[in-house]
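**Student:** Sequence and predicted structure, then a few things I'm wondering about:
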Number of protein chains: 2
Amino acid sequence: MTETQLRKAAKQVAATGRKAQGERTRKAILEAAVHIASAEGLEGLTIGRLALELSMSKSGLFAHFGSKEDLQVATVEAARAIFINEVIRPAFEAAQGLARLWKLCDIWLAYVQSGVFRGGCFFAAAAAEFDGRPGPVRDRIAEIMKEWLTTLRSTIIEAQNSGQLIKDIDPTQLAFEFNSLELGANWAFQLYGDGRAFSRAREAIRERLARYATATGLPLVSASKARQRV
Amino acid sequence: MTETQLRKAAKQVAATGRKAQGERTRKAILEAAVHIASAEGLEGLTIGRLALELSMSKSGLFAHFGSKEDLQVATVEAARAIFINEVIRPAFEAAQGLARLWKLCDIWLAYVQSGVFRGGCFFAAAAAEFDGRPGPVRDRIAEIMKEWLTTLRSTIIEAQNSGQLIKDIDPTQLAFEFNSLELGANWAFQLYGDGRAFSRAREAIRERLARYATATGLPLVSASKARQRV
């Protein structure tokens, strides 16, 4: 290796180190941003506000996010990654069909109840805040919530295809109802600190699953009750 | 009447006139405030923003509302008055029991769909915005939404007492479910402009009413279908 090559490699290592350091910093910033935004809104998430919370300089933050909108979009992406890790991944460990469908709903509710995000469901809050503000932030929120609805819907269809749920129900309708019950529980918990709202949502979801389950599916719904968190 | 008495009366008339004028102005200001807040949030509702929208001077607005918080609380009260006029009053024209319960849900959905408020349901938006911000604005929003849930619940109990709905259901649970479906429809409409969400919420509500209706109540649920808006 020539001296020039050596210097080049050393520079690359240093750059990688800085890059890794930069990515860790960015990740830490975004984690704080998600929590602030879930409680105080994405509009309240200014670079100044975040600098204060993290005791960082504004210019340091500007190096990571050029504008408030960049910061907002990056925060939405970070919240999506948390949601996938906390809800989707563990639910997908359950067998395809009714077990997975129940897990998706149950873990979603447990995750809001546990206070992963300071202000309850990040996306429910972000959607309410941005639904009337056209632009890239709103579009990304709408896309991500559509992913969630599509996941619910395709899991319902899988449960139908595996003969656990009757075919005579509209999966889009059922996904709408489950999503509504989850939004309703989040709403009641945020506004009244009413933890029973989660049991109410679970009860309503289980009641529907039991009503639409086939003879093959019904034991899976009963098993879900035994595991239900209160 | 002495001259002094005459002058006093004239002053009173003038004061009443000014007061009536003042009240009309205040009402017009609050109407604009409700629309702005439903779309852009109560936090975005500054005296400066409102002055711009109404082509009024800031000092003119300050004469009506001393502070931003006063303006926010007054806006919440104005939205409550609109909700009572647009939803509660017409629903209460229906007979006590299932007919009124259906009307409460149906008119609520029609009212959000019709775009009475620029940003959908004022209280759903306000609750999502303020649930994490303690203070008089949040408290008033929570109280008003509790009034709505209590109205739903007591209408369910009336339907049970009049023998139209079976007694073997928990009215708090059913009110939670109906409120959730309405929040879900509002959410889908605001985020995706999805008008079918209202039909989905109506279908889910009617399905539950039909399932829990007694033989006396069932014809009332069927009648509601004929009148359903699409």
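**Tutor:** All right, it came through fine.

**Student:** Please report the distance of the residue nearest in space to the middle of chain A from chain B.
**Tutor:** Centrality entry for chain A: nearest residue to the mean C-alpha point is A:Phe83, 2.7 Å, by C-alpha atoms, centre = their mean. The spacing between A:Phe83 and chain B, counted by C-beta to the nearest C-beta, to the nearest Å, is 16 Å. In this view, the C-beta of every residue, glycine as well, is placed from N, C-alpha and C.

**Student:** Now do the buried residues in the host helix or strand of that residue.
**Tutor:** Taking DSSP states H and E as the criterion, A:Phe83 maps to helix A:68-83. For helix A:68-83, the neighbour count (16 or more other C-beta atoms under 10 Å in any protein chain shown) marks A:68, A:71-76, A:78-80, A:82-83 as buried.

**Student:** rewinding a little: ok, the residue nearest to the centre of chain A - contacts?
**Tutor:** A:122-123, A:144, A:148 (C-beta atoms under 8 Å, 6 or more residues apart in numbering or on different chains).

**Student:** In helices, which of the residues you listed fall?
**Tutor:** Counted as lying in helices by DSSP state H, out of the contacts of A:Phe83, are A:122-123, A:144, A:148.

**Student:** what ranges do the helices span in chain A?
**Tutor:** Under the criterion DSSP H, helices of chain A are mapped to A:3-40, A:47-54, A:58-64, A:68-83, A:89-92, A:98-113, A:122-130, A:136-161, A:171-192, A:196-212, A:218-227.

**Student:** who touches A:Arg26 in this structure?
**Tutor:** A:64, A:74.

**Student:** Check the gap between it and chain B for me.
**Tutor:** According to C-beta to the nearest C-beta, A:Arg26 stands 25 Å off from chain B.

**Student:** if I look at A:Pro136, how far off is A:Glu69?
**Tutor:** 7 Å (C-beta to C-beta, to the nearest Å).

**Student:** same question, A:Leu174
**Tutor:** With C-beta to C-beta as the criterion, A:Leu174 and A:Glu69 are 36 Å apart.

**Student:** Mind putting the contacts of A:Phe83 into a markdown table with neighbour count, distance to chain B and pLDDT?
**Tutor:** Below are the contacts of A:Phe83 laid out as a markdown table (neighbours: other C-beta atoms under 10 Å in any protein chain shown; distance: C-beta to the nearest C-beta, whole Å; pLDDT from 0 to 100):
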| residue | neighbour count | distance to chain B | pLDDT |
| --- | --- | --- | --- |
| A:Phe122 | 27 | 11 | 89 |
| A:Phe123 | 22 | 10 | 90 |
| A:Ile144 | 19 | 11 | 96 |
| A:Trp148 | 19 | 12 | 96 |
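
**Student:** Share the number of residues neighbouring the nearest residue to A:Glu43 once chain neighbours are set aside, please.
**Tutor:** Excluding the flanking residues, the one nearest A:Glu43 by C-beta to C-beta, 6 or more residues apart in numbering or on different chains is A:Glu129, at 6.5 Å. Residues within reach of A:Glu129, counting by other C-beta atoms under 10 Å in any protein chain shown, total 24.

**Student:** ok, now which ones touch A:Glu129?
**Tutor:** By C-beta under 8 Å, 6+ apart, A:Glu129 lies in contact with A:41-43, B:41, B:128-129.

**Student:** What about the nearest residue to A:Glu158 once chain neighbours are set aside? Give its phi and psi, please.
**Tutor:** Nearest residue to A:Glu158 in three dimensions, chain neighbours excluded: A:Gln96, at 5.1 Å (C-beta to C-beta, 6+ apart). Backbone torsions of A:Gln96, given as degrees, to the nearest 10, read phi -50, psi 140.

**Student:** A:Gln96 touches A:Gln160, doesn't it?
**Tutor:** No - with contact defined as C-beta atoms under 8 Å, A:Gln96 does not count as touching A:Gln160 (11.4 Å).

**Student:** Which one's more surrounded, these two?
**Tutor:** A:Gln160 (21 against 14).

**Student:** Look at that one and report its pLDDT.
**Tutor:** With respect to pLDDT, A:Gln160 scores 97.

**Student:** And A:Val230, by the same measure?
**Tutor:** For A:Val230, the predicted pLDDT is 41.

**Student:** Sketch out the low-pLDDT regions of chain A for me.
**Tutor:** Flagging of chain A using pLDDT under 70 yields the residue ranges A:1-18, A:225-230.

**Student:** Kindly recompute the last result at 90.
**Tutor:** A:1-29, A:31-32, A:35-68, A:112, A:114-122, A:124-126, A:128-133, A:193-195, A:218-230 (pLDDT under 90).
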